[in-house]
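Enquirer: what shape does this take:
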Amino acid sequence: GWRMLFAVTSIVALLQLLCAPFLVESPRWLLQSDISSVEARDILKKLRGSDEGIEMEVTNMTASARENSGDQKVTYMELFSDASVRPLLVASLVLQMGQQLSGINAVFYYSTSFFEGVIDDP
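Expert: Take a look at the predicted model:
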């Protein structure tokens with residue numbers, strides 16, 4: 001029943017928490033911070049299992065970072081003040097809030113349990 005599902009969710013969350021210290025930093029982020037990052041290269045070697053193609057990948061990552069460095073940063077106020085984007089933003093926020101606040105996710109999740117007791121032979 002629902003108690004078992006709740007317990008499984010807790011177990012998975014605990015397992016993720018225990019595995020978190022073994023996660024590595026993103027090599028792309030490390031290279032954006034410091035182009036000559038040895039740690040980024042070591043992590044790539046660890047993830048790939050060999051030294052083959054590491055420098056080519058580092059070159060591609062740094063080139064991509066340079067291309068994206070000119071991207072504009074947009075603030076929340078700029079999003080709401082732009083008349084062309086505002087209706088889309090408001091619609092998406094209202095739909096997401098409505099979904100969360102209405103509890104429809106719980107209905108979808110437990111709908112099979114609801115109908116098991118109501119319908120004799122589903």
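Enquirer: so how far is S10 from the residue nearest in space to the middle of the chain?
Expert: Against the mean C-alpha coordinate of the chain, by C-alpha atoms, centre = their mean, the closest residue is S26 at 13.6 Å. With the distance defined as C-beta to C-beta, to the nearest Å, S26 ends up 28 Å from S10. Placement of C-beta: from N, CA and C, glycine included.
Enquirer: do the same with M56
Expert: Noted for M56: a distance of 44 Å to S10, by C-beta to C-beta.
Enquirer: for the chain, what helix or strand is lowest in average pLDDT?
Expert: Of all the helices and strands that make up the chain, helix 104-118 has the lowest average by mean pLDDT, DSSP states H and E, namely a mean of 78.
Enquirer: what distance separates that one from the centre of its chain?
Expert: 27 Å (C-alpha atoms, centre = their mean, to the nearest Å).
Enquirer: ditto for stretch 40-52
Expert: Distance of stretch 40-52 from the chain centroid (C-alpha atoms, centre = their mean) equals 23 Å.
Enquirer: who's in contact with it?
Expert: Counting contacts by C-beta atoms under 8 Å, 6 or more residues apart in numbering, the residues outside stretch 40-52 that touch it are V24, E25, P27, R28, L30, L31, D34, I54, E55, E57, V58.
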